[in-house]
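A.B. asks: please find the sequence and the predicted model below.
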Amino acid sequence: MFQAFQQRRWPLLLLWVLIVAAIVAAPSVLPVFRLNLLGRFLSLAIVALGIDLIWGFTGLLSLGQGIFFALGGYAAAMYLQLNSSAGLPNGIPEFFSLYGVDSLPFFWEPFRSPVFALIAIWLVPALLAALLGNLVFRNRIKGVYFSILTQAALLVFFNFFNGQQKLINGTNGLKTDVTVLFGQMELGSAEMQRGFFWLTAIVVILVWMVLRWVVRGRFGDVLIAIRDDEPRLRFAGYNPTLFKTIVFAIAGGLAGIGGALYTVQSGIVSPQYMTVPFSIEMVIWVAVGGRGTLVGAILGAVSIMYAKSLVSEALPQSWQFIQGGLFILVVTALPEGVIGWCQGDGPRNLLTRLGVSRRIGTYPRLEMDAKEEVNS
Amino acid sequence: MTTALLELRQISVSFDGFMALRDLNLSLKPGELRAVIGPNGAGKTTFLDVITGKLRPTEGDVVFKGRSLLGMPEHRIARFGIGRKFQSPRVFENLSVRENLALAVSLPKRPLSLLTSDLTATQRDRIDHLMEIVALQQRANQMAGSLSHGQKQWLEIVMLVGQAPDLLLVDEPVAGLTDEETDLTADLLKSLADDHTVLVIEHDMEFIRRLETQVTVLHQGHVLCEGSMDQIQRDPGVIEVYLGATEEAA
């Protein structure tokens, strides 16, 4: 604790105390409707953490995270649909009868098992990301070409899911909120939703801790080195393709987990989760919060989504403009994002600009820092 | 010839019909310090690209420690014992000096071991020692991007040494350095040549003279001649190439 103060990391520490306090207090302060929204936004924060890992640290800008997000959502929804359709004719989900399907498509079958579904939620997106990523990375496709490819893949998946009524109810998506879990509770009930909020909050914090461990050590240094100068890293004996595939798979798996948690809290998964604007929005959360700062990704996702819901309630048409403006503002004025700006010299520079002069104490302080370095 | 550490056998590289390297033969003995010079466009950097696996030669073979390097990916060649320093200093700017060196000395360089294990005490000592060689101890925790040009050059050289390669390929190590820094770099390379094989590519004649070693002259992708600096400077072929090259350039 004391060390954190000395290293001038206390604002970050304070931020964490505030975040945890807010999460703990939320269920007793917020009405269920708002709590449910916050829970959804926290599941989006999990996706944002993954994007921060691949973009903020490794420099891979993926515009296709919606694929993995939706896959996680579908995996969860398929289990829930099957779970509640035991009493129905043929024992298969209701929508199938609309299209004259009377036997379950083969790939639905394993989703009867909750264990399989829980694993598929993250493993299917992670494997797909590893496969896609490896194909792209081994051919040394990077930068903007990588981004375009991920967006193209997103469109392919969107169109496929949108058109497959007989397999996954096409554009209508799969509903989850009337499903009954644990014998009596409906998924959409207040108790269940409160439970999902807790679950999501815990997962966010766990994911944050794991990612922090991943980026802190030499593995994280390799990621930054890939961002800085990938060819140079090859000549140092590292295989960037392998590292990039791994982090892309991790980000894909996280998007899947986020998608599943989002789905159970919003009550539906549909191809709308794979639209181009939504995946770009995910990137904006991270850009605004601060690339390369894990807290920034969480705060960016939650606060932008919260602002979105508030603004949309008051002025339904204006959100798109505000979001666009916000993105332009961040790119031009705060390229490091809000958290990145706070961690850097941002606040001090702002004070100087506003006419509050810098404390002279800075200079001896710098010398002291230099001395400390020598001693250590 | 069987004792050669590195052997280039009749290497040719053609870019759409343009021969960047033409029937190039070269061999290096273990522990040798070799300088390679040549006018612009002589194929100096292409020839490093071929050795390090960045470029596949159209013809010929590269043999290192008795094994052909053709078709090996860059990172495997690097692990196999060839380190390369680039023309302009290339260090990882957003990592500290210490972290840059830690990446160089880490072994094995696989994701899982980087995640689960820490640097060993020996590796830490090596990092400290390497920083000492180039007087960067006081900058250990500074971002490499904030170093001066000369310091970046040195950091990159000791990063190479940290990789513990058998062969160091050094491309224009003194470009943009002051005279004093140039002298220090020459001493550094000479001291490295004791337990490594070093191949230096340079434009700077004074610097090559200071290395006091065998010189190979490249011209139009071909070895023009080999010998000591004095022999080279008296060679009529070399004089013609260099004078011709300067006229073309002007």
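C.D. replies: In hand now; what should we look at?
A.B. asks: which bits of chain A sit near chain B?
C.D. replies: With C-beta under 8 Å from any C-beta of the partner chain as the criterion, chain A meets chain B at residues A:214, A:217-219, A:221-222, A:224-225, A:227-229, A:231-240, A:242-243, A:246, A:370, A:373-374. Placement of C-beta: from N, CA and C, glycine included.
A.B. asks: show me where chain B has helices.
C.D. replies: Counting by DSSP state H, chain B has helices at residues B:44-51, B:74-80, B:97-105, B:111-116, B:121-133, B:149-162, B:179-192, B:205-211, B:229-234, B:236-249.
A.B. asks: could these go into TSV alongside mean pLDDT?
C.D. replies: Formatted as TSV, these follow (pLDDT from 0 to 100):
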stretch	mean pLDDT
helix B:44-51	90
helix B:74-80	94
helix B:97-105	95
helix B:111-116	90
helix B:121-133	94
helix B:149-162	91
helix B:179-192	86
helix B:205-211	84
helix B:229-234	85
helix B:236-249	67
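A.B. asks: most neighbours per residue, which of the ones you listed?
C.D. replies: Of all the helices of chain B, helix B:97-105 has the most neighbours on average by mean count of other C-beta atoms under 10 Å in any protein chain shown, namely a mean of 25.
A.B. asks: how about residues contacting that one?
C.D. replies: A:218, A:221-222, A:225, A:233, A:236, A:238, B:91-92, B:95, B:119, B:123, B:126-127, B:130-131, B:136, B:139-142, B:144, B:147, B:155, B:158-160, B:162-164 (C-beta atoms under 8 Å, 6 or more residues apart in numbering or on different chains).
A.B. asks: and the angle from that helix to helix B:121-133?
C.D. replies: 120 degrees (axes from the mean of the first three to the mean of the last three C-alpha atoms, to 10 degrees).
A.B. asks: you'd agree A:Val331 is up against A:Ala287?
C.D. replies: Yes: judged on C-beta atoms under 8 Å, A:Val331 makes contact with A:Ala287 at a distance of 7.1 Å.
A.B. asks: which of these two has more neighbours?
C.D. replies: Between A:Val331 and A:Ala287, A:Ala287 has the larger neighbour count (other C-beta atoms under 10 Å in any protein chain shown), namely 27 against 13.
A.B. asks: contact partners for the more buried one?
C.D. replies: A:Ala287 touches A:300, A:327, A:330-331, A:337, counting by C-beta under 8 Å, 6+ apart.
A.B. asks: please apply the same query to A:Phe158.
C.D. replies: Here A:Phe158 is in contact with A:66, A:271, A:274-276 (criterion: C-beta under 8 Å, 6+ apart).
A.B. asks: quick check: the gap between it and A:Gln151.
C.D. replies: With distances taken as C-beta to C-beta, to the nearest Å, A:Phe158 is found 10 Å from A:Gln151.
A.B. asks: so where is chain A shaky, pLDDT-wise?
C.D. replies: A:1-9, A:182-184, A:355-376 (pLDDT under 70).
A.B. asks: now do the strands in it.
C.D. replies: A:174-175, A:180-181, A:185-186, A:268-269 (DSSP state E).
A.B. asks: what would these look like in JSON lines with mean neighbour count?
C.D. replies: Output for these, formatted as JSON lines (neighbours: other C-beta atoms under 10 Å in any protein chain shown):
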{"stretch": "strand A:174-175", "mean neighbour count": "20"}
{"stretch": "strand A:180-181", "mean neighbour count": "16"}
{"stretch": "strand A:185-186", "mean neighbour count": "14"}
{"stretch": "strand A:268-269", "mean neighbour count": "24"}
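A.B. asks: can you add distance to A:Val32 and give the ones you listed back as JSON lines?
C.D. replies: As requested, the strands of chain A are exported to JSON lines (distance: least, C-beta to C-beta, whole Å):
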{"stretch": "strand A:174-175", "distance to A:Val32": "19"}
{"stretch": "strand A:180-181", "distance to A:Val32": "17"}
{"stretch": "strand A:185-186", "distance to A:Val32": "13"}
{"stretch": "strand A:268-269", "distance to A:Val32": "18"}
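A.B. asks: tabulate the CA atom coordinates of stretch B:12-26 in CSV.
C.D. replies: The C-alpha trace of stretch B:12-26 is given here as CSV (Å, rounded to 0.1, in the frame of the first residue of the first chain):
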residue,chain,number,x,y,z
SER,B,12,22.3,-15.5,-56.1
VAL,B,13,19.3,-13.4,-55.4
SER,B,14,17.2,-11.9,-58.2
PHE,B,15,14.5,-9.4,-57.8
ASP,B,16,12.4,-9.5,-61.0
GLY,B,17,15.5,-10.1,-63.1
PHE,B,18,17.7,-7.7,-61.2
MET,B,19,20.6,-9.6,-59.6
ALA,B,20,21.0,-8.2,-56.1
LEU,B,21,23.6,-10.9,-55.3
ARG,B,22,25.4,-12.8,-58.0
ASP,B,23,27.3,-16.1,-57.3
LEU,B,24,28.5,-14.9,-53.9
ASN,B,25,30.9,-17.1,-52.0
LEU,B,26,32.0,-16.3,-48.5
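A.B. asks: just how off-centre is that stretch within its chain?
C.D. replies: 20 Å (C-alpha atoms, centre = their mean, to the nearest Å).
A.B. asks: what average pLDDT does it get?
C.D. replies: When pLDDT is averaged over stretch B:12-26, the result is 89.
A.B. asks: for PyMOL, write the selection for the buried entries among the residues of chain A next to chain B.
C.D. replies: Buried members of the residues of chain A next to chain B, defined by 16 or more other C-beta atoms under 10 Å in any protein chain shown, are picked up in PyMOL with:
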select buried, chain A and resi 214+217+218+219+221+222+224+225+227+228+229+232+233+234+235+236+237+238+239+240+242+243+246
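A.B. asks: just the ones of the residues of chain A next to chain B in helices?
C.D. replies: A:214, A:218-219, A:221-222, A:224-225, A:227-229, A:231-235, A:240, A:242-243, A:246, A:370, A:373-374.
A.B. asks: residues contacting B:Ile37?
C.D. replies: B:44, B:201-203, B:205, B:208, B:215-218, B:232.
A.B. asks: quick one: which of the contacts of A:Ala287 has the most company?
C.D. replies: A:Gly300 leads the contacts of A:Ala287 on contacts (other C-beta under 10 Å) with 29 neighbours.
A.B. asks: next up, the contacts around it.
C.D. replies: By C-beta under 8 Å, 6+ apart, the neighbours of A:Gly300 are A:48, A:284-290, A:337-338.
A.B. asks: and it, how far is that from chain B?
C.D. replies: 21 Å (C-beta to the nearest C-beta, to the nearest Å).
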